[in-house]
Every structure is written in C-alpha cells, then in structure tokens.
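Participant: Predicted structure and sequence below. I'll ask about it afterward.
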2 protein chains.
Amino acid sequence: MSFIEKLAAIVGPKGLITDEKDMGGFLTEWRDKYQGKALAIALPDSTEQVAEIVRLCAETGTPIVPQGGNTGLVGGSIPFDGGDELILSLRRMNKVRDVDAGSGTLTVDAGCILADLQKVAEEHGFMFPLRIGSEGSCQIGGNISTNAGGVQVLHYGNTREQVLGIEAVLPDGQVWDGLTSLRKDNTGYDLKQLFIGAEGTLGIITGAVVKMYPRPRYQQVAMIAIPDPAAAVSFLGLARRLSGDQVTAIELIPRIAIDLVVRHVPDFTDPMPAPYDWQILVELSSSATPDLKGLMESILEEGFEAGVVLDAIIPDSIAQQERLWMLREEISGAQKPEGGSIKHDISVPVSKIPDFIKAADEAVDKVVPGFRPVTFGHIGDGNLHYNPLQPVGMDKQEFLGKWEEVSRTVHDIAASFRGSISAEHGIGRMKKNDLPRYKQAVEIDMMRKIKAALDPQGIMNPGKVLPDETNGSKTGGVA
Amino acid sequence: MSFIEKLAAIVGPKGLITDEKDMGGFLTEWRDKYQGKALAIALPDSTEQVAEIVRLCAETGTPIVPQGGNTGLVGGSIPFDGGDELILSLRRMNKVRDVDAGSGTLTVDAGCILADLQKVAEEHGFMFPLRIGSEGSCQIGGNISTNAGGVQVLHYGNTREQVLGIEAVLPDGQVWDGLTSLRKDNTGYDLKQLFIGAEGTLGIITGAVVKMYPRPRYQQVAMIAIPDPAAAVSFLGLARRLSGDQVTAIELIPRIAIDLVVRHVPDFTDPMPAPYDWQILVELSSSATPDLKGLMESILEEGFEAGVVLDAIIPDSIAQQERLWMLREEISGAQKPEGGSIKHDISVPVSKIPDFIKAADEAVDKVVPGFRPVTFGHIGDGNLHYNPLQPVGMDKQEFLGKWEEVSRTVHDIAASFRGSISAEHGIGRMKKNDLPRYKQAVEIDMMRKIKAALDPQGIMNPGKVLPDETNGSKTGGVA
C-alpha cells in the first residue's frame, strides 16, 4: 500500500483530502501572508486515529503540520512549499467530552471551536474567560498550542492558566493521557507546560481539561481621560487596590485612534467631552458589588486627587457601555483608509510602558519622519499594539518598504526594556530567525535539546518556532 | 589543588563547611526521617559563584544537592549516605534585588526567606499570597523548586502561578538569565515551567521575578456545619458564584478534629452550638465589599435553602475569627497524644472528594478495623490531609507497622479517581519509586528524556524525583 492508501485505511474517505483543489483553506493563512503545499490533509475523528497517523508518519519520516482553526498570524499552521508535509486537521474532533460542575472543569476534544466551548460553560452557569477575535472559528487545541491571550488576561491569565491537563499524541505515536483535572499535583515535571505554546513542534494536543469560572453578575465600563501613559499605570494600581482586584480590562486609547474611528466608521461620534491626548477604557466586573458605578466613581475621585485622571464618562446603560467597547474594537479597521500601517505585538514590564512609548516614538520618527503613532491595547498586561501609521501624503508602498527597519527598531527598543517581540501571536515561521537576536543562546540551546529529546526525527511541525541552524538544518537538533 | 581547595578559592572561608560536626542541620531533614553525608557544604553569595561551583562539579563529575531552607517533607534536599555529594546552600543569597510597584513584581535572590519577601511586599502596599507553615525559614528558591501550595491556593494558585521569570544555573555551569517580568511572552517553549517543581534535578534556581497582589482590606470568616462532605463541594460553588469569586479559603473539618483540639489543647472550647459531624471554615476577602458579614449571611441563607448548610457561626471580632483559624491549625498537633497517625497528601478532582472519603474510609477499615479517620484540609483544591488515626487501645507500633499497606490502599483509591499521591509536598526520595505504579510509562519516559537532555552527566540532585531504573542506575537516562 502507498502512504496515501495507508492513510485512507486509517481515517476513511471522509477523513482524507488529496485533491489539491480541495485543499485551499488549509494551505493559506487567512491574511494571505503564508501559503504552502501539502501531501494531503488528514482529518482524524479520534485520538486513536491521530496516533495511527503519527505512527505511520514516524515510520515513513513524513513531516506533520498540526492545524486547528487556522486563524494564526505567524504562519505556524501553514506548510512550506515542498509539498512533502501532511496537514493533520483536528476539526472533526470537536466534542465536549465531559462537564464537571462540582470541579468547575470541562474536558474537551482539541478541535472544539472556542465559541462552542464558551457556550457549554455558560449553559452550566459558568464562563470560560478566553475571549479573542477569532473565537467563532479558532479551536481550543490551537489556543493551547499557541497560549492565546485576549482582553481578559489581566484578570484571568493567558490560556496556559486555564489548562489543568492535556492529552497528546507524541512524535512516536504514543498517546499521553494527561487529562487530569487536579488543582494541585506535585509528582514530577509538569510536562503539559512544554506542550502549551509549543505550536505543535513537540506533539499533537488531542484533548484538554480546562477551568471554568463563575460568571460575574455586574459590569461597569468607563472611558477615562488621563494626562499621559504613565497615568494609566498609576490608575491601574489604584483601581486594582480599591476594587479588590475586580478590574477585568484596561485598554489604552490615544486621541488619534478616536479621531480615525469617528472619521472612517459610520455613526460614531467622539464620546469624550474634550479632545484629550490619552484615555483608558476600564471595565470592572463583580458578582458581589451591585453598585459598581458607585465603586467606579470612588476610584475616579481618588484618581482626580492623585492627578492621574482628567475627566471621565461613566455610561449608565449597557448599550452605551457596549458602544465604548465597539469604539475600541473599530480601531484596527479605522487605520486602513489612512494608508500603510506597520503592526507589532510587543510586551514590556507594565511599569516600562511610558518609557517604551517615548523611546519607540522618537526612534521610529528618525526612520520615517512625520509618522503617526497609533499605540493602543492591553496596558494592564504590558502588551501594546504599537502600529506606526504612514505620514499624511507619503506613498503607501514607500512606507511599507520600511517595515523591516521599523520593526527592527521597535523590537530592539522592546528588548532594551526586557520586553517580548511576540506577546500573543507566537513565533511560527514569521519570527523564528529573530530569536537569536532577542533570546540568550543558552535558552535557544535548551529549546533545541528538548526538541531533539522529544522529537528526534524532527517530524513535528518542522521549520517552526526554532530558528534555522547556520548549517541549514530546518528542524534543529542538539547544538 | 584539591576539589575542596578549588571550592574554597571560589567561595572564600565564609562560604565553605568541611567539618562534619558543623554540617548537622544541612544533613538532616527536620522530622528526622532522612539523613545523609556530604563532601562539603558550599554557601555561595552570588550567581557567579554558583556557576563556578557547578562548572567545577561538572568537570569532576561531583553530584550536587541544592538546598534552600531545608523544610521539605520528602527528603529532596538531603544527600544520600555515600558522602560523595556536595550540598549547595542558597542561604547567603538572600536579598530582594528589585521592587517594581508599577508592574506589581519583586525580583529576588533564591535564598530569600519567604517571610522576608512577604514583608517587603507589604511594605510596598501589596501582598505575596504564598502562605505555608514554614514561611519563617523556607526560601523562595525552594518554594519554586517544589511548587509549594498552602492555604490560599484556591484563590491565588500554587507557587507556579506566582512566578514570571527565573534565573538558573544549568548543569554545565551556564547561567540562564530568564528574569523577565512579562505577563505575556509567546516566544518559544516556556522553559521556566520545567524548573518549577523539578526539585533541583535540572539546574539550580538562583533568582526569580514573582507577582505581588493588592492586599484585601476586608475579611470575614465563618464556621459552617454541613450534612456531609458533598455539601462542602456544593457550598463552594454557591459561595464562589455569589461572592464574585472572593472565597479565599475553605477548609474541611470533621467532628473528631474539633474533639481532639478541645481535649488536648489548653483553653479551647467547642465553638459549635451542637456536635455536627462535618464543618467547613470559610474565608471571604475583598477590598470592595466592606459588608462582608452581610454577604456571608446572604450566601448562608441560600445554602440553608439548598440544604447544604445546617448551622453556622459568624464571629464579629477579628480575635474571634483568628481563634477559628487557630483551631484549624491545632488539628495536626492534637492528633499526637492519641497515638499513631498515618499521613497522606492526596488530591482528587474537587467533585470526587465525597466519593474518595467514602471509599478510603471503607478500604482502610478493612486493613485496620476500628481506625479513626481524621480527614481535613483544602477541599477547594481537592487536597485533603487524609490521616488515619489508630483505633483506641491499639498498640502504636503495631498500627504504624501498617503504614505501607494503608498508604498503598489510600493512594490506589486516590489514583482510581485520577488523583495525585503528592498534591503539595513533591516526590524527593520518598515517593520516587511509587511513580511507576501511578504514572503512565510514557510520562516517566518523557521525564527521563528531559533529564538526560538537560543534565546528561546526571549531577543535579541525583536519585531524586525520577524512579530508580531496574538496572540500578540512580539518575536515569534515555529509556
């Protein structure tokens, strides 16, 4: 039997795509930044099928690209051009296996759509706190493999913090059933942590146990004008202290972002009473404090006295509160009509945010004089969307031609504050060869040693995450 | 130069103990369960000194036992009898290197005493949530290396959740400076997770960045009578939901535990209005809800209606609340005058607690008819102190002679609920050879591969955590 025939015998006709014209969506990143070719797409519907496929690939030395909802931004789920890789899609493994309300846990297939999982949690009176733009199509296995972030990380943590146990198929085809739902277990190395965020380079996550949380009964949002980004950091400290740690989101929004939304998105007016340079969108959530508006007002009062609050609007209705969140969400799209925008996904220690913004603005202005900084995002996590927008009147392509130079500049400055060049999106293909510039050699060396120890053949998502070696090897080995 | 002379040249006269009569406290576990011999005790006062020592040991193949406050319970920090191991104590590296109030982080030497670290956090208006009995002498490096737990895990998580970055000396003497304080960083494998809980078998943690939290302004404790352990699980769900997740502790306390404290500890009277079989000690903490007593009352009201609450006392004064916590803390000591007690540190999924207690009570009674179950602890984490107490009138030594059989019985039952045989204390020497019974072979195999990849010479705390191989090798290699 040929490789394809053996595959077909494992997954059946519904589980295999070999015709290139049917592979489209699996081969292309949704922003069209990455494209590749594949030997075939395998769509197993059980952990045992995944294990059989991996054993077949281990025997034949066939590289595997594990794929969830394919909503990533760094090319981690897209094969290369060689056409020798097998895409293993988890989309048919999409069931919630178990709900344990007493323990507050869900056991799920890796291919569960995030929104479906959120819905099941809600049906049982809980919530699952991972909230990201792609939640309607991304899969929990992909969220775990990339340690996804989102708007509620400040309060609930990254995906890593939501995972109690995983089931994974290892590079030799063995199944590791680590589906524990324990809150405490100190019996050796916490191996699941290696697989979380490994982008499929150490094995294929096929199932997981995740935490659910009580759903907050009350929420209150406010848009608050502040003198400068440093005031946002001070305000966060104040608000966390006075609210009993019930701040569930804090987003930095500059004047230009509001102007762009008002200019380019229909039916939006400026919510602020005056054109302040900087504002923060703050959300409090609680089940125990019905008068969150009163709490917000008392926090603002202390903020005024401390000189970190200039003005604020506290909407009464839920509709008005949602409107403020919509304004925040429209910022990304509102930059487009203004020309080229160079995106970054950086993080720095929270207290270094003001210094980072100042240093980056100055340095980028030397590369592209007159550029417009559109700097917004999750300041509570030290995570900013630092998106230089082209100067008015400059040619878009000329501006975008500076991408590498601008990015290098911004990343170097983030690194100078011990920051990260990829806070949320991962490494994939996009940033793997930046790692030697920003990570210690000893750390990359440990990564290679672990990769070689667990995947000695190098068949799991080769050419991703680990930097290319100077000898040209794609997957890396012990250095 | 001899090995000892070379050591002396690195650490100076203050940093070296070679006389066996001065080694006492380093060679013995505080409960006298483990004792060993050492070549010498090295007490470096800087990361660079630690690195030089490890390089010397790597050259000479000398095994190293890293040691923090030596407060462990499983023999992880005690050398074996051979006298060929070097103890590397971190106690002279005890400084707080940096406080970053804006980011809510502390950067500390590994040898910082936990209580000192808590104090520094408090001086800056924060709190560090790790609270354990040994906090006056244990060190943060040891807490991280063992992923310590404690009474506030329910709300704040284990030590693992408090660590943002670590600095470690690797088995070849290289220094990995992973002292990042980022809340989000997806740039490759999260290597620090491997070192957390590894009990010093992969390298020596020399520094860390840990999180601080806002200190709650209000607290309210209640002692609540419940019909059975299942009601505790239901009450926890109710209380988390109604309080907005402000339950910071919930401890299960059986009738016998109160009786023992009243009988053996001076000045304690029974706080309960009637002799209920089971109670829970519940603590709410908040900065935003001044009337926590009112909140507690409304939660209790719903609990009465749901049939999970029988009675309750809600003390007004802080002194009375502290008295209830003292009763809880006296339970361990109050068992001693009653004879032999066989200790366990198990965890199961929270919802399985009632089934575990029932099954374990029945099974242990078959081994020791008439034994008295003293079952208490952190039910919110699924973590129980399951301590069978000898039957009245039985010979103590005869009862303790059943330790192995009772433990095997209890651990098998925990495992049947996918529980853990070591929720908090780790593996060390004590439980390493139980792992093959309770962990999948594939998981132990991964642990061995990682150990071999990062410590190929096997010089880091050999003979700990990893089970002995059947061929007699002490440190394990690639299986």
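Facilitator: The structure has been received and is ready for your questions. Keep in mind that this is a model prediction, so the values were computed, not measured. Residues are numbered from 1 along each chain as shown, chains lettered A, B, ... in the order given.

Participant: what about residue A:55, neighbour count?
Facilitator: A count of nearby residues for residue A:55, using other C-beta atoms under 10 Å in any protein chain shown, gives 15. For glycine as for every other residue, the C-beta is placed from the backbone atoms N, C-alpha and C.

Participant: What's the nearest residue in the stretch 351-479 of chain A when you look at chain B?
Facilitator: Nearest residue of the stretch 351-479 of chain A to chain B: residue A:351, at 2.8 Å (C-beta to the nearest C-beta).

Participant: ok, now the stretch 101-250 of chain A?
Facilitator: Relative to chain B, the nearest point of the stretch 101-250 of chain A is residue A:102 (2.8 Å; C-beta to the nearest C-beta).

Participant: How is the closest residue to that residue other than its chain neighbours assigned, secondary-structure-wise?
Facilitator: Spatial nearest neighbour of residue A:102, excluding adjacent residues (C-beta to C-beta, 6 or more residues apart in numbering or on different chains): residue B:351 at 2.8 Å. Here residue B:351 is helix, with the state taken from DSSP: H, G, I helix; E, B strand; the rest coil.

Participant: can you tell me which residues contact residue B:351?
Facilitator: Under the criterion of C-beta atoms under 8 Å, 6 or more residues apart in numbering or on different chains, the neighbours of residue B:351 are A:100, A:101, A:102, A:103, B:233.

Participant: From the contact counts, what lies against the helix or strand containing residue A:115?
Facilitator: Per DSSP states H and E: residue A:115 is located in helix A:114-123. Applying 3 or more C-beta pairs under 8 Å, 6 or more residues apart in numbering or on different chains; DSSP states H and E, one finds that helix A:114-123 contacts strand A:96-100, strand A:105-109, helix A:140-146.

Participant: Show me how chain A divides into domains.
Facilitator: Structural domains assigned to chain A are A:3-89, A:96-214, A:218-323, A:339-416, following automatic domain parsing.

Participant: Check residue A:329 and give its pLDDT.
Facilitator: For residue A:329, the pLDDT comes out at 88.

Participant: any idea which element it lies in?
Facilitator: helix A:318-334.

Participant: before we move on, what about residue A:463?
Facilitator: Using DSSP H and E, residue A:463 falls within no helix or strand.

Participant: pretty sure it is touching residue A:430, no?
Facilitator: No - assessed by C-beta atoms under 8 Å, residue A:463 is found out of contact with residue A:430, at 11.8 Å.

Participant: neighbour count winner among those two?
Facilitator: residue A:463 (22 against 19).

Participant: just to revisit the earlier point, tell me which of the helices and strands packed on helix A:114-123 approaches residue A:14 most closely.
Facilitator: Residue A:14 lies closest, by C-beta to C-beta, to one member of those: strand A:105-109, at 16.4 Å.

Participant: isn't there a helix covering residue A:74?
Facilitator: No - counting by three-state DSSP, residue A:74 falls outside a helix, being coil.

Participant: What's the local residue count around it?
Facilitator: Number of residues near residue A:74 (other C-beta under 10 Å) recorded here: 24.

Participant: For residue B:453, which of the domains of chain A is the nearest?
Facilitator: Nearest to residue B:453 among the domains of chain A is domain A:96-214 (11.5 Å), distances taken as C-beta to C-beta.

Participant: Endpoint to endpoint, that closest one covers what distance?
Facilitator: Counting by C-alpha to C-alpha, to the nearest Å, you get 19 Å between the two ends of domain A:96-214.

Participant: what's the answer for stretch A:363-372, then?
Facilitator: Stretch A:363-372 has an end-to-end distance of 13 Å (C-alpha to C-alpha).

Participant: how about it: buried residues?
Facilitator: Using 16 or more other C-beta atoms under 10 Å in any protein chain shown as the test for burial, stretch A:363-372 gives A:364, A:368, A:371, A:372.

Participant: ok, the residues you listed vs residue B:80, which is closest?
Facilitator: Checking the buried residues of stretch A:363-372 against residue B:80 by C-beta to C-beta gives residue A:364 as the nearest, at 58.7 Å.

Participant: I'd assumed residue A:409 was in contact with that closest one.
Facilitator: Yes - between residue A:364 and residue A:409 there is a contact at 6.0 Å, judged by C-beta under 8 Å.

Participant: picking up where we left off before, deepest-packed of the helices and strands packed on helix A:114-123, please.
Facilitator: helix A:140-146 (a mean of 30; mean count of other C-beta atoms under 10 Å in any protein chain shown).

Participant: does the very next helix or strand once past that helix come close to chain B?
Facilitator: Going down the chain from helix A:140-146, the next helix or strand is helix A:153-156, by DSSP H and E. Yes - judged by C-beta under 8 Å from any C-beta of the partner chain, helix A:153-156 and chain B are in contact via A:153, A:154.

Participant: Kindly report the same for stretch A:40-50.
Facilitator: No - Stretch A:40-50 does not reach chain B (C-beta under 8 Å from any C-beta); its nearest approach is 13.3 Å.

Participant: buried stuff in that stretch?
Facilitator: Under the neighbour-count criterion of 16+ other C-beta under 10 Å, stretch A:40-50 has A:40, A:41, A:42, A:43, A:44, A:45, A:47, A:49, A:50 buried.

Participant: correct me, but the fifth one touches residue A:8?
Facilitator: No - the pair formed by residue A:44 and residue A:8 falls short of the contact definition of C-beta under 8 Å, at 11.9 Å.

Participant: can I assume the residue of the stretch 101-250 of chain A closest to chain B is in contact with residue B:237?
Facilitator: Yes - with contact defined as C-beta under 8 Å, residue A:102 reaches residue B:237; the gap is 6.8 Å.

Participant: Neighbour count for these two, which is higher?
Facilitator: Set residue A:102 next to residue B:237 and count neighbours by other C-beta under 10 Å: residue B:237 wins out with 20 against 17.

Participant: tell me the phi and psi of that one?
Facilitator: Main-chain torsions, residue B:237, degrees, to the nearest 10: phi -60, psi -50.

Participant: Quick check: which ranges of the stretch 101-250 of chain A have low pLDDT?
Facilitator: Residue ranges of the stretch 101-250 of chain A with pLDDT under 70: none are present.

Participant: ranges for the strands of it?
Facilitator: A:105-109, A:126-127, A:163-169, A:175-178, A:204-211, A:213-214, A:218-226, A:247-254 (DSSP state E, counting those that start in this stretch).

Participant: by contact count, what packs against the second one?
Facilitator: If I follow you right, that is strand A:126-127. If contacts are counted by 3+ C-beta pairs under 8 Å, 6+ apart, strand A:126-127 sits against strand A:213-214.

Participant: redo that, cut-off 10 Å
Facilitator: Where contact means 3 or more C-beta pairs under 10 Å, 6 or more residues apart in numbering or on different chains; DSSP states H and E, strand A:126-127 is packed against helix A:114-123, strand A:213-214, helix B:229-243.

Participant: Return the most buried member of these.
Facilitator: Ranked by mean neighbours (mean count of other C-beta under 10 Å), the helices and strands packed on strand A:126-127 are led by helix B:229-243, with a mean of 22.

Participant: re the thing from before, tabulate the domains of chain A (a markdown table), appending distance to residue B:58.
Facilitator: A markdown table is the format used below for the domains of chain A (distance: least, C-beta to C-beta, whole Å):
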| stretch | distance to residue B:58 |
| --- | --- |
| domain A:3-89 | 34 |
| domain A:96-214 | 21 |
| domain A:218-323 | 43 |
| domain A:339-416 | 30 |
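
Participant: which SS class is residue A:280?
Facilitator: strand.

Participant: That one: what's it in contact with?
Facilitator: For residue A:280, the contacting residues are A:222-226, A:229, A:231-232, A:235-236, A:239, A:249-253, A:308-309, A:312, A:379-380, by C-beta atoms under 10 Å, 6 or more residues apart in numbering or on different chains.

Participant: Could you measure from it over to residue B:102?
Facilitator: For residue A:280, the distance to residue B:102 (C-beta to C-beta, to the nearest Å) stands at 15 Å.

Participant: wait, isn't residue A:72 in contact with residue A:65?
Facilitator: No - Residue A:72 sits out of contact with residue A:65 when judged by C-beta atoms under 10 Å, with a separation of 11.4 Å.
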